[in-house]
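1. Everything below, folded, please.
(chains A, B and C)
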Amino acid sequence: MPDFTFKKEEKLKSHILIEQMFQRKGQSFGLFPLRLIYLEMENTKNEFPIQFTLSVPKRAFSKAVDRNRIRRMIRETWRLNKHRLYEKLEDENRHFAFMVLYTAKEPFEYDKIEEAMKRMIKRFIKKELGRD
RNA sequence: GCAACCGGCUACUCUAUCGCGGCUUUUCCGACGGGAAGAGAUGAGGAAAGUCUGGACAACGUAGAGCACCACACCAUCUAACGGAUGGGAUUUUCUCAUUUAUUGAGAGAAUACAGAGAGUGUCGCAGAAAAUAACCGCCUUUUGUUUGGCAGAGAUGCCAAUAAAAAGGUAAGGGUGAAAACGUGCGGUAAGAGCGCACGGCGUCUUUGAGCAAUCAGAGGGGCGGAUAAACCUUGUGGGUUGAAAUGUCAUGUACACCGGCGUGGGGAUGAGAAUCCCUAAAGGGUAGCUCGCCCGAGUCGGGGGGUAGGCAGAUAGACUCCAAUCGUGAGGUUGGAGCUAGAUAAAUGAUAGAGAUUCUUUCUUUGGAGAGAAUUACAGAAUCCGGCUUAUUGGUCGGUUGUGUUU
RNA sequence: CUAGGCGUAGCUUAAUGAAGAGCACUGUAUUUGGAAUGCAGGGGAUGAAGGUUCAAGUCCUUCCGCUUAGA
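-> Numbers count the residues shown, from 1 in each chain, chains lettered A, B, ... in the order given. A predicted model of the protein is given here:
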């Protein structure tokens, strides 16, 4: 049975790391309606391989209710699908910081977001770990 | 029963699985700061929104006085307070009925930032004679006087009447406008006119009587009648110290009175050989939100900039609280009693999936009833110190009231 | 959280309470044709809705959008 929890230690809270991501140190690829920005962390003592955060732009959704709903759906898809990635990363003892942006201008159904999240994880594995 | 309007209430429900926030509790680990696992109950709104207002709370004792500035403005009441609410009044206005020459009255609603234009200043385009203590035309009087006519006279000339024109004055009855034209209509009056006088009517102001806590209403009387605008300046009255949870307190970590600029650096005394130190005074300078005074700091003072930390805890969730009952009040609301505890995050919790029920819509079958299938569960919208209000957004259901209309008894 | 500012023709902008200008656009003249130039012309519910006023871009109230500053 995989672990479906989402603890505080798994959240990315460091302002410095997020700044680094956006200043070209992090890599990224888009997968509509999502976009992943990630950065490999070194010298970290975190027991979880990935620290995750997300962002829904205020410019696209001016109402807090819409932003809240999309944020909760993305977080839910991450919580239910992250274990595939954890298994592989724990073997190699590598750590990453993840930020997911919602790039669409209108809200989507849960199924569509979940599908995008699954494909995103597969693509990340292929891109970063498949080479090694 | 239907329609319209107004107001109140509600905001899909249940079960299972996987999760999240804070709270309580049990067990285990621990470097005694805490951590992990399990269990339990609990976890968005009527507007949580806009930030338009009033407070609570907190900081600033250099928070004082006057002016300035800002806000409010019929009356009474409610309230912690309010620019809010309730009740009343006035004005404007809609509908119905009655009545009349106009109109007026009654009933039911709606709206009102509703103190003052008789304290002063400003503004009022175009049009119009004139837009504010109005004489352009017109009308009238007097004087001068042109022309014509009549009379008198030999004539000069004089007198009378009408009259072009000019001057002085009177006059707001009339004059195409305009949003607005100097109380309206009628009669008298006059040289012509005029509230100049009178009758009826209209509108302010003062005095007085009655009703009312009051705003105000009704009656009587005196004296009056030359606009509008105060959401123009303003006047009057009332209120306001300023800042604002990133407030503020506290613990931890860490650092540098290094640097630049403005204004200024006076006098007296004591010790001492001197350098200097100390004391007194308070001239300069500075602070006190804008000005003046006052007050304070004071040989310094104020500002800029730089360095460091960007973490924890408190503030911060039991309150002008919610529900029920009784009672007082027309009502907003008050009092008393009982019961209840009901979010508290900080990269920021309240979600996802499956099933069932309920509701709505579409559609198929069916004699009404009903049965099946599919879709949706909605609108507006997410707490961030907390309350009272206001404003704005809004779907469906349900309850109550008012008005109109139809049917039945 | 607090305190301000702005919104006018397609664009850039004026306007003591009575909506203009330049560029652009349309037509026309000129040219073999075009540009430039000359002449003529159209186009605004002044961000939205109410209110005050005879009259509102302006004054007041409430919304909408954009934007600035402070910690």
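2. For the host helix or strand of A:Val65, list every residue counted as buried.
-> Using DSSP states H and E, A:Val65 falls within helix A:64-81. Going by neighbour count (16 or more other C-beta atoms under 10 Å), the buried part of helix A:64-81 is A:67, A:70-71, A:73-78, A:81. Backbone N, C-alpha and C define where each C-beta goes, glycine included.
3. That helix and RNA strand B, any residue contact?
-> Yes - looking at helix A:64-81 against RNA strand B by C-beta under 7 Å from any atom of the strand, the contacts come from A:64-65, A:68-69, A:71-73, A:75-76, A:79-80.
4. Dump those residues to TSV, plus pLDDT.
-> Below are the residues of helix A:64-81 next to RNA strand B laid out as TSV (pLDDT from 0 to 100):
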residue	pLDDT
A:Ala64	81
A:Val65	83
A:Asn68	84
A:Arg69	84
A:Arg71	86
A:Arg72	86
A:Met73	86
A:Arg75	87
A:Glu76	86
A:Arg79	86
A:Leu80	85
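5. Mind jotting down where the strands sit in chain A?
-> In chain A, the segments counted as strands under DSSP state E are A:27-31, A:34-41, A:50-55, A:95-102.
6. May I see these arranged in TSV, with mean pLDDT as well?
-> What follows is these, written out as TSV (pLDDT from 0 to 100):
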stretch	mean pLDDT
strand A:27-31	83
strand A:34-41	84
strand A:50-55	84
strand A:95-102	85
